[in-house]
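Trainee: Okay, sequence plus prediction incoming.
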Amino acid sequence: MPIFRRRMIQLMIDELSARLPSPKLKEIIGRLDHADPDQAIPQEYELGLLWAALKISDIEIEKPLGRKAPDFYATDLFPSGPAFVEIAAISDTALSGEPLMRRAANIINNFANAVVKKSDRHLYYQFNEESGNLPAKKRGFLATTQYYRRRRVTREFNLDDEMRASIAGWLKGKPSSGPLRLTNPSIDVSISWKEYVHPQGNVFSSMPSEAHDVEDNPLFKVLKDKEREQLQAAPQGTLKCIFLGDAGCQLLRDLRPISAGARTVSGKQIIEHFLECSSVDIVCIFSPQRMNRHNYQSFNNPRVWHVTVFDQRGLAEDEHAKLRTIAGSLPEPYLDGYQARSWHQQGMFHPKAKGQYLPPMWVTKNGIQNMKISARGLQEFLAGRLSREEFKRFVADNLFERALSDGRTISNITIERKETEADDDYLIFEFEDDPAARAIESPEPLTPSGL
């Protein structure tokens, strides 16, 4: 699993199972191993936050609220009163334009393969963009023009005869000599031929994931949907709270406001606007990032939970103490939101995929060097799932050879269990000097003959 380790997820399931209705438990398990990251990652957030909230608060999971049932009801999460809490996780899927770009690329790939077999392995798509201003839109007493910037691809795109002829001629000629550009009202894309293109990395747009309006964006839509569909019927005297998980969303990852006059809006501006025009009291963001988020080096910079609370009531910090305790109770995140999404799309967390291996290392015990390697990696190598080259690259690069070259062979093997700290364990190999692996030597010190 990309946000939490699989062993940790199983522990959370085990501990929550007695509190979850059977249909809910079945739904959670089904979504956790779903191939679509927009199913699996939000479910991880829901599971993790329910588990952590149960550690520090008296909660009731899916307490009925009219015809709906928010994720949980807490009697003591906030000093000011009980609260209904709904959980959601947001990615940049809609803002990035990835689904539309990938749909168009797949349509072209299918045709290209019919012209030249396996040509899709070489095609790289760069989608162009356009910008301008929409007609004035009235909001309140003001009417303002709306700036737009968008990628040139729509859901109406399909290949016409002219495009098919252009693609076929380009592929049968010398595609590596230069890109092919396709344009019509539903697309503007440049296609390049490369030596190899990964299927998950074959589309690109220079336009970042950005929002230009405080309401016309996926973040505002999710907040409004949660309020309307799950929290609307909360009785007087109870708080309405929404937890948002960063599943690879720039608006949540960097909440800082954009400078005045900018044509884009920030996550902070969107959330504050939502709270001003809604009955929701609190929005709380959970984002997995490096401790020092401006330094991407992993050394002495672990991933931690960054928590930001928006409360329209303007109460003291003590009101939110348990929200930060929830973050402290969550297991350490395994990946950032963007990495989690990318790795999941590549199938790296499927239970039958290659493991997440612990790094090899030499350790010294009683003055003797021992070797620690991934137990999962060695088992996969012995099972034939890893080639010799993969074993050397991911598990142990010539560490056994080094010991043999020094005339030492394995004398003992023990296991170092990592439990839920990792989805792997260490095998510890102890080595000792062995005449079977080195030249015969004279004993020291030698005693002169006859003395």
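Mentor: Thanks, I have it. Since we're looking at a predicted model, the values are computed, not measured.

Trainee: Settle this for me: K224 is touching C277, isn't it.
Mentor: No: the pair K224 / C277 is not scored as a contact, 9.1 Å apart, by Cβ atoms under 8 Å. From N, CA and C alone the C-beta is placed, and that goes for glycine too.

Trainee: Just want to know which of these two has more residues nearby.
Mentor: Neighbour totals were compared for K224 and C277, and K224 leads with 15 against 11 (other Cβ atoms under 10 Å).

Trainee: who are the neighbours in contact with the residue nearest the centre of the chain?
Mentor: Closest to where the C-alpha atoms of the chain average out (Cα atoms, centre = their mean) is A340, at 1.9 Å. A340 sits next to 2-3, 37, 41, 247-248, 288, 334 when contact means Cβ atoms under 8 Å, 6 or more residues apart in numbering.

Trainee: In strands, which of these fall?
Mentor: P288 (DSSP state E).

Trainee: on contacts alone, who are the packing partners of the longest helix seen in the chain?
Mentor: Ranked by number of residues, the top helix in the chain under DSSP state H is helix 37-56. The contact analysis (3 or more Cβ pairs under 8 Å, 6 or more residues apart in numbering; DSSP states H and E) places helix 37-56 against helix 6-16, helix 22-32, strand 59-61, strand 72-78, strand 81-90, strand 239-246, helix 321-329, helix 337-345.

Trainee: of the ones you listed, which approaches K418 most closely?
Mentor: Nearest to K418, of all the helices and strands packed on helix 37-56, is helix 6-16, at 8.3 Å by Cβ to Cβ.

Trainee: helices and strands around the closest one, which ones?
Mentor: Secondary-structure packing of helix 6-16 (3+ Cβ pairs under 8 Å, 6+ apart): helix 22-32, helix 37-56.

Trainee: can I get these in TSV with mean pLDDT?
Mentor: Formatted as TSV, the helices and strands packed on helix 6-16 follow (pLDDT from 0 to 100):
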stretch	mean pLDDT
helix 22-32	91
helix 37-56	95
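
Trainee: Just say which of the ones you listed is most tucked in.
Mentor: helix 37-56 (a mean of 22; mean count of other Cβ atoms under 10 Å).

Trainee: so what's E215 closest to, chain neighbours aside?
Mentor: What sits nearest to E215 in space, not counting adjacent residues and going by Cβ to Cβ, 6 or more residues apart in numbering, is H273, at 7.2 Å.

Trainee: What sits closest to E380 if chain neighbours are left out?
Mentor: Spatial nearest neighbour of E380, chain neighbours left out: L386 (4.7 Å); criterion: Cβ to Cβ, 6+ apart.

Trainee: about what we covered before: Serialize the helices and strands packed on helix 6-16 to TSV and add fields for distance to Q236.
Mentor: As requested, these are arranged in TSV below (distance: least, Cβ to Cβ, whole Å):
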stretch	distance to Q236
helix 22-32	28
helix 37-56	23
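
Trainee: Now do the helices in the stretch 151-300 of the chain.
Mentor: In the stretch 151-300 of the chain, the segments counted as helices under DSSP state H, counting those that start in this stretch are 161-172, 218-226, 250-253, 267-276.

Trainee: Would you single out the least confident of those?
Mentor: Sorting those by mean pLDDT places helix 250-253 lowest, at a mean of 92.

Trainee: other SSEs contacting that one?
Mentor: Using 3+ Cβ pairs under 8 Å, 6+ apart, helix 250-253 sits against strand 239-246, helix 267-276, strand 282-290, helix 337-345.

Trainee: Can you say which of those is packed in most?
Mentor: Mean neighbours per residue, mean count of other Cβ under 10 Å, is largest over the helices and strands packed on helix 250-253 for strand 239-246, with a mean of 26.

Trainee: and N113, that's in a strand?
Mentor: No: read with DSSP: H, G, I helix; E, B strand; the rest coil, N113 is helix and lies in no strand.

Trainee: pLDDT weak spots in the protein?
Mentor: Residue ranges of the chain with pLDDT under 70: 1, 136-145, 257-262, 296, 445-451.

Trainee: how distant is stretch 163-179 from the center of its chain?
Mentor: 36 Å (Cα atoms, centre = their mean, to the nearest Å).
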